[in-house]
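[1] What follows is a protein structure lacking sequence information:
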């Protein structure tokens, strides 16, 4: 892939993702569909997934952004269902789907079938996060799905390595497999624990936002590479570091947080868009590699494997949801009650994605002179499973949620909690201001002191105003009107500054300084009303 092809891929996928925001279709589904269609358009270059690029260069930043945006406290509160899905389910799916594929496909060795099971076992972090964000799922379900998708890749990659060694005839035992799994999991967590505190210490002391954000961009790659270097799970190392830094993000200065949020949103948007477009673009390569298998025969196997993947997830999810509650009073006391609807959503939300394809493409044609059996068929079945789950489950998940009438997030309760928290913080700030002004070293003219109190009062009232009545004429709350008028005033100032620059009464450097000041004012007015 040359530079022009890479630029074309990024530009086209970003355009499609941007267009998806104006449609009810989640961006991942539209990107995959466009990629499938574009793969047969004359002149479109061949884009082949390279596992040496996807796994070490694309997966770490995507996992890192998901981990930083996740809640450590929420994940800890839901550690049991997350662990059952991210570890227990992946191992169960590896064996169950592998065995069903072995029964379904003639002449497919059991070891090769287990490799296929490991490849298609993990729901994708990118797909789960993107779909959940679009659908606005209930908070606990979203937390469980995100937590599962953060950790399950490590389980699947380890299971894949063990199954691959068995498939190519390298001696491997159950004890050896468990040992490798323990090394990958404990080692990955250990590397993350070792790195997280020094990295956070360095972030807090660099003092320069540009340097801090440069470090931020390097963090997922450093954590991933360090863990892989010692044979541990790079995925778990990235997740541990990301969760810790996200939990302690308040200790970094405000300029770094503002820049970092913008930078990582852009990085995640570009990578997610390109990844889903790449999935669709793999179709010609996968179909051409079928070789001895006819497309009709392979399609029949694909349907069988897709059904197996979907059914096996439900076979695990329902018992894993209700059996622990039935067997343990402690679980019943600590966790909220659930009905049949929540596990239905969790079971149907198991979309596969680029990680499964990247792992499949990493299957070697030959290893130590031994050819991997049915490699092309495994690639095809992985591709069809990924496409099937994204399209079938992704398209039907929104109407399923609407049909089940799941209780959404209680917006009123969230705003009320935010307002109460802001009131408590404002009281503390007001007390601190009074104490500072009483100190003789902090003499301040009364208008400036009043301005500090006005800003504090505005911040305290802004959240409460979102709970207020809506104007019958404009459809706006008082807070909406305030922000709109504030923006109109700022825009008037901005136009004057530009006119003065054009008249050569101020230079461009001064214009940039004045505009940045207005930009910060506008950003503050906008963010005060954000939910």
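    Sure, I can see it. Quick caveat, the model's predicted, so the values are computed rather than measured.
[2] so where is the stretch 351-500 of the chain shaky, pLDDT-wise?
    Residue ranges of the stretch 351-500 of the chain with pLDDT under 70: 366-369, 408-412, 465-475, 477.
[3] swap the cut-off to 80 and go again
    365-371, 406-419, 422, 439-443, 455, 458-483 (pLDDT under 80).
[4] can you tell me which residue is nearest the centre of this protein?
    Centroid-nearest residue in the chain: residue 66, 3.7 Å away (criterion: C-alpha atoms, centre = their mean).
[5] Test my guess that it contacts residue 148.
    No. The criterion here is C-beta atoms under 8 Å, and residue 66 misses it with residue 148 at 11.2 Å. From N, CA and C alone the C-beta is placed, and that goes for glycine too.
[6] what about the residue sitting furthest away from the middle of the chain, distance to residue 103?
    Distance from the C-alpha centroid of the chain, by C-alpha atoms, centre = their mean, peaks at residue 440 (50.7 Å). Applying C-beta to C-beta, to the nearest Å, the value for residue 440 to residue 103 is 85 Å.
[7] Residue 372 too?
    Taking C-beta to C-beta, one finds residue 372 at 20 Å from residue 103.
[8] Could you check the pLDDT of residue 171?
    With respect to pLDDT, residue 171 scores 56.
[9] I'd like the distance from residue 401 to residue 318, if you could.
    18 Å.
[10] actually residue 454, not the one I typed
    Residue 454 is 56 Å from residue 318, by C-beta to C-beta.
[11] Among the two, which residue is more densely surrounded?
    Set side by side, residue 454 and residue 318 show more neighbours around residue 318, with 15 against 10, by other C-beta atoms under 10 Å.
[12] just checking, the more buried one touches residue 343?
    Yes. Between residue 318 and residue 343 there is a contact under C-beta under 8 Å: 5.3 Å.
[13] right, and the helix or strand after the host helix or strand of residue 416?
    If you go by DSSP states H and E, residue 416 is part of helix 411-438. Per DSSP H and E, the first helix or strand lying C-terminal to helix 411-438 is helix 446-465.
[14] Okay, and residue 81 sits in which element?
    helix 79-83.
[15] need the next SSE after the lowest-mean-pLDDT helix or strand in the chain, C-terminal direction.
    The helix or strand with the lowest mean pLDDT-type score in the chain, counting by mean pLDDT, DSSP states H and E, is helix 125-135 (a mean of 62). Scanning forward in sequence from helix 125-135 by DSSP H and E, the next helix or strand is helix 139-167.
[16] Show me what secondary structure element comes after that next one.
    helix 174-206.
[17] What residues of that following helix count as buried?
    Across helix 174-206, burial judged by 16 or more other C-beta atoms under 10 Å covers 177, 180-181, 183-185, 187-192, 194-196, 199-200, 203, 206.
[18] same question, stretch 433-445
    residue 433.
[19] Any idea how far apart the tips of it sit?
    14 Å (C-alpha to C-alpha, to the nearest Å).
[20] I would like the residues contacting it, please.
    Contact partners of stretch 433-445, identified using C-beta atoms under 8 Å, 6 or more residues apart in numbering, comprise 449, 452, 453, 456.
[21] Stretch 149-160 now?
    The set of residues external to stretch 149-160 that reach it, using C-beta under 8 Å, 6+ apart, is 59, 63, 66-67, 70, 82-83, 85-87, 89-91, 94, 115, 118-119, 121-125, 127-129, 180-181, 184-185, 188, 233, 235-236, 239, 355-356, 359.
[22] try stretch 246-257
    With C-beta under 8 Å, 6+ apart, stretch 246-257 has contacts from 67-70, 72-73, 200, 203-204, 207, 209, 212-213, 216, 260.
[23] please redo it, this time with the cut-off set to 7 Å
    The contact list for stretch 246-257, computed with C-beta atoms under 7 Å, 6 or more residues apart in numbering, reads 67, 68, 69, 70, 72, 200, 203, 204, 209, 212, 213.
[24] Out of the residues you listed, which end up buried?
    67, 68, 69, 70, 200, 203, 209, 212, 213.
[25] How about residue 104: what's its closest non-neighbour residue?
    residue 304 (4.6 Å; C-beta to C-beta, 6 or more residues apart in numbering).
[26] Double-check that that neighbour belongs to a helix.
    Yes. Looking at residue 304 with DSSP: H, G, I helix; E, B strand; the rest coil, it is inside a helix.
[27] Can you get me a residue count around it?
    Neighbourhood size, residue 304 [other C-beta under 10 Å]: 16.
[28] ok, now how distant is it from residue 253?
    Distance from residue 304 to residue 253, by C-beta to C-beta: 55 Å.
[29] Equivalent analysis for residue 112, please.
    Counting by C-beta to C-beta, the gap from residue 112 to residue 253 is 53 Å.
[30] who has more neighbours, these two?
    Remark: of residue 112 and residue 253, residue 112 carries more neighbours, 26 against 14, as counted by other C-beta under 10 Å.
[31] I'd guessed the more buried one sits against residue 376; true?
    No. Assessed by C-beta atoms under 7 Å, residue 112 is found out of contact with residue 376, at 11.4 Å.
[32] So what's the residue count around residue 341?
    Residue 341 is flanked by 17 other residues according to other C-beta under 10 Å.
[33] Enumerate every residue touching it.
    Contacts of residue 341 (C-beta under 7 Å, 6+ apart): 404, 406.
[34] any idea how far it lies from residue 403?
    With C-beta to C-beta as the criterion, residue 341 and residue 403 are 10 Å apart.
[35] For my notes, confirm residue 47 occurs in a helix.
    No. Read with three-state DSSP, residue 47 is coil and lies in no helix.
[36] Excluding chain neighbours, give the residue nearest to it in space.
    residue 281 is the one closest to residue 47 (C-beta to C-beta, 6+ apart), at 4.4 Å.
[37] Pull up the gap between the one you found and residue 359, please.
    In terms of C-beta to C-beta, residue 281 sits 18 Å off from residue 359.
[38] Residue 524 too?
    From residue 524 to residue 359 the distance is 45 Å (C-beta to C-beta).
[39] Comparing those two, which shows the higher neighbour count?
    residue 359 (26 against 14).
[40] correct me, but the more buried one touches residue 120?
    No. The pair residue 359 and residue 120 does not pass the contact test of C-beta under 7 Å, sitting 9.1 Å apart.
[41] Low-confidence ranges, the stretch 151-300 of the chain, go.
    Residue ranges of the stretch 151-300 of the chain with pLDDT under 80: 167-178, 207, 288-293.
[42] residue ranges of the strands in this structure, please?
    366-367, 370-371 (DSSP state E).
[43] Quick check: phi and psi at the nearest residue to residue 52 once chain neighbours are set aside.
    Spatial nearest neighbour of residue 52, chain neighbours left out: residue 362 (7.9 Å); criterion: C-beta to C-beta, 6+ apart. Note on residue 362: its backbone torsions stand at phi -80, psi -10 [degrees, to the nearest 10].
[44] so residue 362 sits right up against residue 50, yeah?
    No. Residue 362 is not in contact with residue 50 according to C-beta under 7 Å; the separation is 9.2 Å.
[45] which of these two has more neighbours?
    Taking neighbours as other C-beta under 10 Å, residue 362 and residue 50 compare with residue 362 leading, 18 against 15.
[46] Next one: the more buried one from residue 317, what distance?
    The spacing between residue 362 and residue 317, counted by C-beta to C-beta, is 28 Å.
[47] same thing with residue 84?
    9 Å.
[48] try residue 353
    19 Å.
[49] more crowded one of those two?
    The neighbour count for residue 353 versus residue 317, taken as other C-beta under 10 Å, is higher for residue 353 (26 against 23).
[50] Skipping its backbone neighbours, what lies nearest the more buried one in space?
    Nearest non-adjacent residue to residue 353 (C-beta to C-beta, 6+ apart): residue 124, at 2.6 Å.
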